[in-house]
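S.K.: Sequence below, structure please.
(one chain, ligands or ions: 1)
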Amino acid sequence: MATFTVKIAGSERSFSVRDDETLLEGALRQGVMLPYSCKNGTCGSCKGTVLSGSVNYPHHPAQALEPGDAEVGLALLCQAVPCSDLVLEVREIEAVRDIPVLKLPARVAEKSLLADNVVKLVLKLPRAQRLQFLAGQYIDILLPEGKRRAFSIASSPAREGEIELHVRHVEGGGFTGWVFHEMEPRAILRLEGPLGTFFVRHDEPKRPMIMMGGGTGFAPLKSMIEDLLAHGDTRPLHLFWGARTQEELYQEDLIEQWVAEHDHITYTSAVSDQCDERPQKGFAGFVHEAVLHAYDDLTTHDVYMSGPPAMIDAARHAFVEHGCREDRLFYDSFEFGSDVPVSILAKPH
Ligand code: FES
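M.R.: Numbering: from 1, shown residues only. Sure thing, here's the model as predicted:
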């Protein structure tokens, strides 16, 4: 097995990467925090530029690379494996560097239905353990055979000792089917986290924020908003939340309470399923279209968005075309992953 050295351009930092791991895996293993979200090559948040050396993609094609990206040296760090020593141009994420990533058991303290296809889980953490995280980050639930399933944390870090997850049912059984139909309260799950680099930036001058969620992409935004409110942050915040039907916007009473109590918060919902013939409360169409309907020019905003890759991809391109700075566009992109066996998950007791 060969090991290569990766140097980050413009910094003193370097790390080693084996030829059987990705650049991101090597970096995280040594506490070097690079931007990432999906870890499966679809979202593009881990893009970096290879200034010297070469990489290849033995596991999955680099789906999120666009035509012309490879020619200018851009690489997907969550998929790229080194073929030589490298010099990389990439932003290091300082804020999460010192937060330990833990593997913990957690007990299901509450399971309740938020919508027909979304369940809220409250997981109690072991008494002696504290899960430090930044609002917006996610955890992996560890499953048999080394599989894992990612869920954003929906509660704010101030809620110590427990975390809230919003789990959307994925058709075809597997983990989410088990959660919906079989999992008993007090079941024990194993989790790893916190993960990801999706969190609110606080650099000065503070800019107004647009937050945009699709479906259960609301979860990390809820954590962020609760955290901002807890810290008295009053920069203007416009939340957009979209789903196929009105029923899938499952916690609007909470949002209405934020809007009623805080002048700096605005809310717009978006429902895309035009077959729904009842009068629409919010915007009729996709949620990123609702954002552009309200803001033709995004040059002065920070944008935070969370949802499935197709939504993030469409929004990313459209927002940049409307003036959004790429370095002020932060996103968390998640697939509703394929089903996995659950037969040897920890049993309820
Ligand atoms: Fe690498 Fe999403 S494409 S983290």
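S.K.: residues contacting Asp233?
M.R.: Contacts for Asp233 (Cβ atoms under 8 Å, 6 or more residues apart in numbering) come out as Lys206. C-betas here are computed from N, CA, C, even on glycine.
S.K.: Any figure for the gap between it and Trp241?
M.R.: Separation of Asp233 from Trp241 (Cβ to Cβ, to the nearest Å): 20 Å.
S.K.: residues of the strand ranked longest in the chain that come out buried?
M.R.: Identified as the longest strand of the chain according to DSSP state E is strand 102-115. Burial within strand 102-115, assessed by neighbour count using 16 or more other Cβ atoms under 10 Å, is assigned to Leu102, Leu104, Ala106, Arg107, Val108, Lys111, Leu114, Ala115.
S.K.: What strands line up against it, and which way round?
M.R.: The sheet places strand 102-115 alongside strand 118-124 (antiparallel), strand 188-195 (antiparallel), with pairing taken from DSSP bridges.
S.K.: Of all the ones you listed, which one is nearest Leu65?
M.R.: Closest approach to Leu65 among those is made by strand 188-195 (22.5 Å; Cβ to Cβ).
S.K.: what pLDDT, on average, does the closest one get?
M.R.: For strand 188-195, mean pLDDT is 96.
S.K.: same question, stretch 136-154
M.R.: Rounded mean pLDDT across stretch 136-154 is 93.
S.K.: Now look at it and say if it contacts the ligand.
M.R.: No - residues of stretch 136-154 contacting the ligand under Cβ under 6 Å from any ligand atom: none, with a closest distance of 10.9 Å.
S.K.: Endpoint to endpoint, that stretch covers what distance?
M.R.: Chord length of stretch 136-154, first to last residue, is 8 Å (Cα to Cα, to the nearest Å).
S.K.: who does Leu102 bridge with?
M.R.: Under DSSP bridges, the beta-bridge partners of Leu102 are Gly193.
S.K.: wait, isn't it in contact with Leu131?
M.R.: Yes - using Cβ atoms under 8 Å, Leu102 makes contact with Leu131 at a distance of 6.4 Å.
S.K.: Identify the contacts common to the two.
M.R.: Gly193.
S.K.: wait, does stretch 302-315 contact the ligand?
M.R.: No - Stretch 302-315 lies out of reach of the ligand by Cβ under 6 Å from any ligand atom, never closer than 8.3 Å.
S.K.: what's next to that stretch, contact-wise?
M.R.: Residues from elsewhere that reach stretch 302-315, judged by Cβ under 8 Å, 6+ apart: 38, 42-44, 136, 152, 198, 200-201, 207-215, 217-221, 224, 242, 286-288, 291, 319, 324, 328-336.
S.K.: Check the offset of it from the chain's centre.
M.R.: 10 Å (Cα atoms, centre = their mean, to the nearest Å).
S.K.: measure it end to end?
M.R.: End-to-end distance of stretch 302-315 (Cα to Cα): 14 Å.
S.K.: Buried residues in it, which are they?
M.R.: For stretch 302-315, by 16+ other Cβ under 10 Å, it's Asp302, Val303, Tyr304, Met305, Ser306, Gly307, Pro308, Pro309, Met311, Ile312, Asp313, Ala315.
S.K.: Among the residues you listed, which one sits closest to the ligand?
M.R.: The ligand lies nearest to Pro309 out of these, by Cβ to the nearest ligand atom, at 8.3 Å.
S.K.: And the closest one, how far from Ile8?
M.R.: According to Cβ to Cβ, Pro309 and Ile8 sit 27 Å apart.
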